[in-house]
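[1] Coordinates for the following, if possible.
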Amino acid sequence: MREEMETYLEKAAVLVEALPYIQRFNRKIIVVKYGGSAMVDEELKKSVISDVTLLKLVGFKPIIVHGGGKEISKWVSKVGKEAEFVNGLRVTDAETMEIAEMVLNRVNKSLVSMVQQLGVKAVGVSGKDGGLLKVEKKYADGHDIGYVGEITEVDPKILYDLLEKDFLPIVCPVGMDGNFDTYNINADDAACAIAKALKAEKLAFLTDIEGVYRDFDDKDSLISEIHVGEAKELIRSGTIGGGMLPKLSNCIDAIEAGVSRVHIMDGRIRHSLLLEIFSNKGVGTAILGDSEEKYYHE
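    Alright, predicted model coming up:
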């Protein structure tokens, strides 16, 4: 009986710890960039979708922006094409763009179905809908990589309308240029641009990395919270490299455009989104403006 009571008390303590965060972010917009292994592993997928649905039910206004790179590569190979990348960007000819759009829409609607199974109304849109994401052709160090778009403008009206009607928007990263041609967009860039346009309270990246390290080789050096100035210094010092560099740069851009906090967390950990947002010490890294007060307790 005593053990049972202790279990109940632990559950109550979790809820009490979450309360100030629920109060603080009630009715606030949070953009969740969903990608990596959490999109491939079915159990992780269910975990992420249940987490985002919970955020909606406790009063947040979540928006999911998803990728689908691994799924696109799978279908590209099925038609006998070989995936080609330049500086981490997929070379996207007209046929690959057609495949990418079909795959991303398929992923989008599967996520809509999962959310609605949990009792929350969701609507899937692409960056083409309502002129949400306008792009121009993107080049990789001068190389023409086809139908890959650089976002030039975000018109968030469709997202505001959906949030006002109590829907959970799910966005796939496809946009149009001035000639109404379709372009694939890096999902990190899309999430960042949408969060900036909405001046979201939070932008959360679910990735295949634990967060930002002061020393990548020292796993005890994970940073729980870091101000923008410190993040810039890490970049200048050469501490940050590889795939983390553009991600951290995106985070800095988002903060400087009015997003209150940006979180980088490991989507391979079940319920990492809830742990990062609702606990006194999260499981990833939170980046915040230099004037913002840190609120995780060491």
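[2] What sits closest to residue 51 if chain neighbours are left out?
    Excluding its sequence neighbours, the residue lying closest to residue 51 (C-beta to C-beta, 6 or more residues apart in numbering) is residue 273, at 4.3 Å. All C-beta spots, glycine's among them, are computed from the backbone N, C-alpha and C.
[3] Which helix or which strand is home to the one you found?
    Assigned by DSSP states H and E, residue 273 falls within helix 272-278.
[4] for the record, mean pLDDT for that helix?
    Here helix 272-278 scores 83 as its mean pLDDT.
[5] Going by contacts, tell me the helices and strands next to it.
    helix 2-25, helix 42-57, strand 202-207, strand 261-266 (3 or more C-beta pairs under 8 Å, 6 or more residues apart in numbering; DSSP states H and E).
[6] Show residues contacting it.
    17-18, 21-22, 25, 30, 32, 48, 51-52, 54-55, 202, 204, 206, 263, 265-266, 269, 282-284, 286 (C-beta atoms under 8 Å, 6 or more residues apart in numbering).
[7] Out of the helices and strands in the protein, which is least certain?
    helix 2-25 (a mean of 72; mean pLDDT, DSSP states H and E).
[8] and the very next helix or strand once past it, how far from the chain's centre?
    Using DSSP H and E, the helix or strand that directly follows helix 2-25 along the chain is strand 29-34. Taking C-alpha atoms, centre = their mean, to the nearest Å, one finds the center of strand 29-34 at 5 Å from the center of the full chain.
[9] what residues does strand 29-34 touch?
    Here strand 29-34 has contacts from 48, 52, 55, 60-67, 111, 163, 187-188, 190-192, 194-195, 198-206, 267, 273, 277, using C-beta under 8 Å, 6+ apart.
[10] Could you identify the buried members of these?
    Among the contacts of strand 29-34, those classed as buried by neighbour count (16 or more other C-beta atoms under 10 Å) are 48, 52, 55, 60-67, 111, 163, 187-188, 190-192, 194-195, 198, 200-206, 267, 273, 277.
[11] hmm, back to that, what's the distance between the residue nearest to residue 51 and residue 114?
    15 Å (C-beta to C-beta, to the nearest Å).
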